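sequence first, predicted model second:
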Amino acid sequence: MAEYAKFTEEMKKTHTILVPNMLPIHFKLFMNVFESYGFHCELLESESRTVVEEGLKNVHNDTCYPCLLVVGQFMEALKSGKYDPNRTALMITQTGGGCRASNYIYLLRKCLAETFPQVPVVSLNFSGLEKDSAFQMTAPITLKCMYGVLYGDLLMTLYNQCRSYELIKGSSEKCLQMWEKKLDKLFKENKFTRTKKIYKEILEDFAKIERSSVPKIKVGIVGEIYVKYSPLANNHLEDFLISEGCEPVVPTFMEFMLYWAINKVTDAKLYDAATKGTPIYKGAYKLFLHKQREMIAAIKKHGVFNAPHDFEEIIENGKKFIGLGVSMGEGWLIPAEMGALAASGTENIICTQPFGCLPNHIVAKGMSRAVKEAYPNANIIAIDYDPGATRVNQENRIKLMLANAKAAGGLH
Amino acid sequence: MNTYALGIDVGSTTVKTVVCDEQGTILHSAYQRHFSKVKETVAGQLESILMKFPDVQLRAAMTGSAGLGLANSAGIPFVQEVHAAFLAVKTCYPKADTVIELGGEDAKIIFLTGGVEQRMNGSCAGGTGAFIDQMATLLGITVDELDKASLRATRTYPIASRCGVFAKSDIQPLLNQGAAREDVAASIFRAVVDQTVAGLAQGREIKGNVLFLGGPLSFQKGLRKAFVDTLGLSEEQAIFPEQAPVFVALGSALYAQESRLSAKTPQELLRKVQHASASSEVLTGDCLFESHEEYAAFVDRHKRHDLKYADLRTYQGDAYLGIDSGSTTTKLVLITDKGELLYSHYASNEGQPLDRIAAKLKQIYHDKHPNLRIRSSAVTGYGEDLIRAGLSVDHGIVETVAHFKAAAFFCPDVDFIIDIGGQDIKCFKIKNGAIDSIMLNEACSSGCGSFIQTFAMALGYDIGEFSKMGLFAKHPVELGSRCTVFMNSSVKQAQKDGATVEDISAGLSSSIIKNAIYKVIRAKSVDELGKNIVVQGGTFLNDAVLRCFEREIGRNVIRPAISGLMGAFGAALYAKEQAQEQESTLIQPQALQNFSYSSKNVRCGGCTANCLLNVIRFSDGGRFVSGNRCEKGAGIKRETEVPDLYSYKYESLLQLAKQQPASPRAKIGLPLVLGNYEQLPFWHTMFTKLGFAVEISGESDRKVYFKGQHTIPSDTVCYPAKLAHGHIETLLEKKVDFIFWPCMSYNVKEADTSNHYNCPVVAYYPELMRANHSGLNEENFVYPYMDLNRPKNVINVMKRTLAKYNVGGQISGAVEAAYKSMQDFRQNIANKASDVIQQARAEGRKIIVLAGRPYHLDKEINHGIHKLITSLGLAVVTEESVAQLGQMPKLGVLNQWTYHSRLYRAAQYVTTQPDMQLVQLVSFGCGIDAITTDEVRSILESKGKLYTQLKIDEINNLGAAKIRLRSLLAAMK
């Protein structure tokens, strides 16, 4: 492997770690966790045209859009003069699967080698890759992040359910911001484990928002993880859907974590390849599942909002269409989520994907037909995102889907 | 006062309006091109409505792909266009089952019965009206003429319609090789139909009563015919409504009616439209020239690079002729022995390059001084072979070399050349006086001259006028820097948002440059390009484009005044270098007067490929054959066969598959696709040992592809995967007991790699097949998961899989034999590879490692590139046969795919062998190769080797491949 700058223990004191903002609500919580372990992080939120231009300049144009955006965002930040390259590091997620995404970190390093060789890149992964970095997802950090995921999921879910119906414009946003601040404090004070109490308070606060009772068309968003969540990548899809009078239904991030953990167990079974790590993944899966169920129970008990799907239910839905061995990218999770959404009345589904995404040939476009056969009313469209695809084109396609939903009397 | 409904449909190229009464009767309709002046056109039509119906109230709704912005700013309700069409169909044709609508840049399909489903083209404008326009331009005829010509066709050729770019690269060689225009025209329409079936219907059958809508389908009879014939519709089933062009506008009127939108007077509506403000969402850049003075200085600076001129009529002495028969244009140059320009010609070849060049040559003979003697001649470009054969030109020269010669004439220490022509971009770096690396645009012709031209025409301007408009544009729009098709939609958006034609013109010039730099060259910094840059090609004659280029790279470049003629000029210089004492072979004036030719098509019987040959006979008795992949078709016999491992390996696999047990217990179908090209020995041995007969799906060809086309759900997946659908059809026809095709996340671990995955498509394609082919079920399609690195796992899985056949006890033995068979097969290939290398070295041949994936062995995937290489006298080996001889080099990427890691080792091995070069085969749409190609390039270039990449897909056009290979050959010398 070619030589590159490594993130050392000393750099914790001197360096700011730049983090691309994949999930606007969640990542703010993660920052807190990293901060508490001595890593100084900053979220990158730039959405200027330069991001795309830097991306096009720096990576092979056939590389997937998420990679292009993340690299573009980093390069823009480094070139902006806002950060001292001698005191800056970059953080990127690494999934470690058979999809191209595992290679992002290498492509990023390739770009850096020419202009900013001194800037180290830290990998955010749970697969034990990059052992020589001072940034490691140790068990305590992972655990703490898990809580970040749970709260992030809850906030995201409630926020989406309120924002489409709020009577006073901006009231949901206000509530969200208030809780972001509160959680920030709770994480700093290490008081974040009292989930029952906190969930209840969050639910009650969101329930106070004045909302219209006129039902709206629900639109599920599934797809490649970065494009699905990042407004930069999906041209603010959630906002667009709300402006069109719809309620966006976005599956939780915990589902991806559960998917990732259970895959390790599934692979061990499929390929007779259990290792010492297998029980650990199994344990992680059980823990995540238990924690998410607690959150779901809290929402149901409160009784005002729709809770996310139970993950085992999602798995059962997936099995109808595809083998659980399909583990690259978002794999079987995409058709499983489509099925779960359709089964629970969210029949309009947008599948977001980077143009030319390899796993999505199989799991997204490849499975639409099967999902539609099982749920004849399902109204699924795949939307490709890349630097050349224009917003007007994407929005036209979504509008077509919505027209379809309305024609079908799609108010559920 | 009457209340009527008004529908306004603002499409990408046209505006349509319909006024109808409460009963839906059309009282007025209009259809008009808007040439990007959307607001004005709509206002104009409203004015006519006002004149015709001064005292009515109108319920109005707007629709159409370019109508959203105007609708919002004018405060007129908007209805999605497919929804509008849907309403009109329900009202006028309740019995329709399917609606197909082709518009300017949109293509849509609505399935009405059996689950309503509406689809429109995504990020691709292939198969739309714009595509047909583009093709007509390419043929140099109007769309009407194209339509009429198509009706006289006698055959069709396969043409890709996925995007205009690919279609062009299919059509151009056909034209250059003299295919009849009628047949090409019909093929274009056929391609549109194929695109609709493959791209839009995506697995859903088009049947029943089909309603055809949109401009192209109502005006073009040939297109109608192509649809009706291909879909097998009866006269009653194919409905072409009279009001088709305004059908969507009618739907939008019906929407206004049905929704009881508030009625307004025509005056009010007109006022709203006139006062609609253009929204300011458009991204704009800096203007190209601040002032006319700045422009004048720019022009002055570039004037310096010009040739000296001499007069054809008075010059006496030796002269040299250079011809560049390009993809869309023809260039001729005649120079003196001092390099002075005597004659030049640059014009569109109008699809008839041979005729054009012969005519120009006649003119030269006629005009020249009697004492001017053409000592030698040379031809380059796509049409090289044809022109050389037809006009007995002395020499042929590879384009790249011709361009280099010409550039060096103007700038002896040139180190970077970029040539942007009608539809190709060629860039090359020069090192030590030789061409070092070549970059061609293969996947995409965005950023080429013909794009601006088509666009200028679509907007109603002449190309020269159009590009000048951009020079002083105030706010050039930022358009995408991707493919032509995407640029279309960016322009659509800019138009929608009120950008002026000037701004669009400047924006297009800048896009072209960005494409060339970031997509074709993929430069990270200007220094990477070089210090002495020569730009050429017709497109650079456009000052706006030149300015954008200098801007983007931040330095001045040399543009010779004969920028568009550089290929021909280089050929003339070459002719001069090569001039012999004896007379030039060039066709003489007398013979030229009587010159004529005829062309016909025949199937070659030389081998099983059965290439379709186009044979041209010239009046002097000579002939020219094209369409052949090897020398057999051209009627040439070689004394010794050039060693070729591709053919050997392919034949060996087919041979192996023939062995069958005497009385099989069942018949298993094994699709010969993707990973099975590697694993055939394994599965074949295992199953035959267990007493099963193994039927492979057989060899691929275009027909196999078409057979499975209707079940392909993702039209952007790679061709090797798409072909699999046809193979499954074949196996079902063969009535096998079940088809076996395992899923495998992991491939075999081979060398020191971080992981050993399959790519997602190879790993899980069986899952996709099962979900998209209604003929497959649990019984007849078996696709278990397993890991070949774990024999125990394979045994367990196979025991479960074959439980009902009671072969459990024999499985572990069969699996053991299977592993051995795979091992033996690989050893056999490795041994043969060393034979090939030895033989090549004994014969003094250079060796090419043609590096791809195991499935690139498929002749429908590689299009016979290995044969093309051997026809140039080079031996061919496969990547995996030499990978094991190489070391794993240091990599800058994660090395986690088995097939791909072979590329790295093969490349490393090539760097240790002076007589070897590597050519990488890349299937279009292969995302993983976006990573491997850069890495393989850097491994090779770090040790001074050349990197050559050939991008392949379903298009069977070896033109670009040939240029690259010949340039490689020239550089190897």
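Perfect, I can see it now.

name the residues that touch stretch B:217-226?
For stretch B:217-226, the surrounding residues in contact (Cβ atoms under 8 Å, 6 or more residues apart in numbering or on different chains) are B:100-102, B:132, B:143-144, B:146-151, B:185-186, B:189-190, B:192-193, B:212, B:216, B:227, B:238, B:240, B:244-245. Every C-beta, even on glycine, is put in place using the N, C-alpha and C of the backbone.

what's the end-to-end length of that stretch?
Distance across stretch B:217-226, first residue to last, is 10 Å (Cα to Cα, to the nearest Å).

list the buried ones in it?
For stretch B:217-226, burial by neighbour count (16 or more other Cβ atoms under 10 Å in any protein chain shown) applies to B:Leu217, B:Ser218, B:Gln220, B:Gly222, B:Leu223, B:Arg224, B:Lys225, B:Ala226.

which among the contacts of stretch B:217-226 count as buried?
Listed as buried from the contacts of stretch B:217-226 are B:100-102, B:132, B:143, B:146-150, B:185-186, B:189-190, B:192-193, B:212, B:216, B:227, B:238, B:244-245; burial here means 16+ other Cβ under 10 Å.

am I right that B:Arg902 is in a helix?
Yes - membership of B:Arg902 in a helix is supported by DSSP: H, G, I helix; E, B strand; the rest coil.

excluding sequence neighbours, find me the nearest residue to it.
B:Ala883 (3.9 Å; Cβ to Cβ, 6 or more residues apart in numbering or on different chains).

now that neighbour. Its backbone dihedrals?
phi -60, psi -40 (degrees, to the nearest 10).

in contact with residue 87, which residues?
All of this refers to chain A. Going by Cβ under 8 Å, 6+ apart, A:Arg87 touches A:Thr14, A:His15, A:Thr16.

oops, chain B please
Per Cβ under 8 Å, 6+ apart, neighbours of B:Leu87: B:Gly251, B:Leu254, B:Tyr255, B:Glu258.

got the contact list for the one helix or strand the third one maps to?
Secondary-structure assignment from DSSP states H and E places B:Tyr255 in helix B:247-258. Contacting residues not belonging to helix B:247-258 are listed as B:5-9, B:16-20, B:22, B:24, B:26, B:29, B:59-64, B:77, B:79, B:81, B:83-89, B:91-92, B:101, B:213-214, B:241, B:243 [Cβ under 8 Å, 6+ apart].

of the residues you listed, which belong to strands?
Mapping the contacts of helix B:247-258 onto strands (DSSP state E) picks out B:5-9, B:16-20, B:26, B:29, B:59-63, B:101, B:213.

ranges for the strands of the stretch 201-350 of chain A?
Counting by DSSP state E, counting those that start in this stretch, the stretch 201-350 of chain A has strands at residues A:217-223, A:246-249, A:348-354.

oh, I was asking about the stretch 601-750 of chain B
With strands called from DSSP E, counting those that start in this stretch, the stretch 601-750 of chain B shows them at B:612-618, B:623-626, B:667-670, B:693-696, B:738-740.

quick one: closest of the ones you listed to chain A.
Smallest distance to chain A across these (Cβ to the nearest Cβ): 15.3 Å, for strand B:738-740.

domain map for chain A?
If you go by automatic domain parsing, the domain ranges for chain A are A:11-136, A:216-251+A:309-407.

would you mark the buried spots in the helix or strand that contains B:Val794?
Assessed by DSSP H and E, B:Val794 sits inside helix B:791-801. Neighbour counts over helix B:791-801 (16+ other Cβ under 10 Å) mark B:Asn793, B:Val794, B:Ile795, B:Asn796, B:Val797, B:Met798, B:Thr801 as buried.

make CSV from the residues you listed and add pLDDT and distance to B:Ser234 to it.
Formatted as CSV, the buried residues of helix B:791-801 follow (pLDDT from 0 to 100; distance: Cβ to Cβ, whole Å):
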residue, pLDDT, distance to B:Ser234
B:Asn793, 96, 55
B:Val794, 96, 53
B:Ile795, 96, 56
B:Asn796, 95, 55
B:Val797, 96, 50
B:Met798, 96, 50
B:Thr801, 95, 46
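
if we check chain A, which of the residues you listed are in contact?
For chain A, the contacts drawn from the buried residues of helix B:791-801 by Cβ under 8 Å from any Cβ of the partner chain are B:Asn793, B:Asn796.

pick the one among the buried residues of helix B:791-801 closest to B:Ser821.
For the buried residues of helix B:791-801, the residue nearest B:Ser821 by Cβ to Cβ is B:Val794; the value is 13.5 Å.

from what I can see the closest one touches B:Val815, true?
Yes - counting by Cβ atoms under 8 Å, B:Val794 touches B:Val815, with 5.4 Å between them.

continuing past the lowest-mean-pLDDT helix or strand in chain B, what's the next helix or strand?
None of the helices or strands of chain B scores lower by mean pLDDT, DSSP states H and E than helix B:484-496, at a mean of 65. Counting by DSSP H and E, the next helix or strand C-terminal to helix B:484-496 is helix B:501-514.

helices and strands around that following helix, which ones?
Counting contacts by 3 or more Cβ pairs under 8 Å, 6 or more residues apart in numbering or on different chains; DSSP states H and E, helix B:501-514 packs against helix B:449-458, helix B:463-471, helix B:484-496, helix B:543-553.

how about those in a markdown table, adding mean neighbour count?
Shown next, in a markdown table, are the helices and strands packed on helix B:501-514 (neighbours: other Cβ atoms under 10 Å in any protein chain shown):
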| stretch | mean neighbour count |
| --- | --- |
| helix B:449-458 | 23 |
| helix B:463-471 | 19 |
| helix B:484-496 | 25 |
| helix B:543-553 | 22 |
